[in-house]
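1. what's the 3D shape of this:
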Amino acid sequence: MELIRIDKRNYQNYKDELLQLYLNCFSSGLSAQTIDPEAIGHYLNSLFVEGYGIIVLKEDKVFGALLATPLSFDELIPDKIRQNFLVEDCVYIAEMMVTESARGQGLGKQLLLKFIQTVDKKRFKHAFIRVWVENSLAISLYRSRGYQDYAYIDQTKINPDTNETFVMHKVYLHKKLS
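-> Alright, predicted model coming up:
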């Protein structure tokens, strides 16, 4: 497996696979929610305007991705973060995705390690990631890499099976970059 960095220059080479990875990760299983593929395509395009990704490739297939951007990209930043940090000093891990068949193999840990090794620490002093509080495996991974719970939000989603709304209580985890 190979970890490579992608940005707006080479994102188009992986656009379709990243969209499929996103849909696979968030439209079924623990985090199942109704997702509009066209809206997610626009979201991913906008993320790469200022952001970048680290992807896990095996035989030219994407098995995982960490997508990061300045925190200002996040429209839901809690007041607690805005009041205690300069948003422009913060990087945001907007997405952390590993295909279901590759989970439990340490890819998330490798992605986070590569992120810490390559993030622009002259530009960013802090990193944030947002995750559903029910995703205990992801939270455990982030905490094991030095991230600490910092703030919370609620997001209303639509269940893909019932079309009923439900609330995802999410935590922003913080790590000081050094």
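
2. in stretch 154-173, what counts as buried?
-> Residues of stretch 154-173 classed as buried by neighbour count (16 or more other C-beta atoms under 10 Å): 157, 168, 170-173. Using the backbone N, CA and C atoms, a C-beta is placed for each residue, glycine as well.

3. Now intersect these with the strands, please.
-> 157, 168, 170-173 (DSSP state E).

4. next one: phi and psi at residue 53?
-> Torsion angles at residue 53 (phi, psi; degrees, to the nearest 10) stand at phi -140, psi 160.

5. Kindly provide the distance from it to residue 142.
-> Residue 53 is 18 Å from residue 142, where distance means C-beta to C-beta, to the nearest Å.

6. do residue 166 as well
-> Distance, residue 166 to residue 142, by C-beta to C-beta: 23 Å.

7. ok, back up a step: quick one: which of residue 53 and residue 142 has more around it?
-> Using other C-beta atoms under 10 Å as the criterion, residue 53 and residue 142 rank with residue 53 on top: 26 against 23.

8. got a pLDDT number for the more buried one?
-> Looking at residue 53, its pLDDT is 98.

9. Nearest to residue 58 among the ones in strands among the buried residues of stretch 154-173?
-> residue 173 (27.7 Å; C-beta to C-beta).

10. Which residue, other than its chain neighbours, is closest to that closest one?
-> By the measure of C-beta to C-beta, 6 or more residues apart in numbering, the closest residue to residue 173 outside its immediate chain neighbours is residue 147, 3.8 Å from it.
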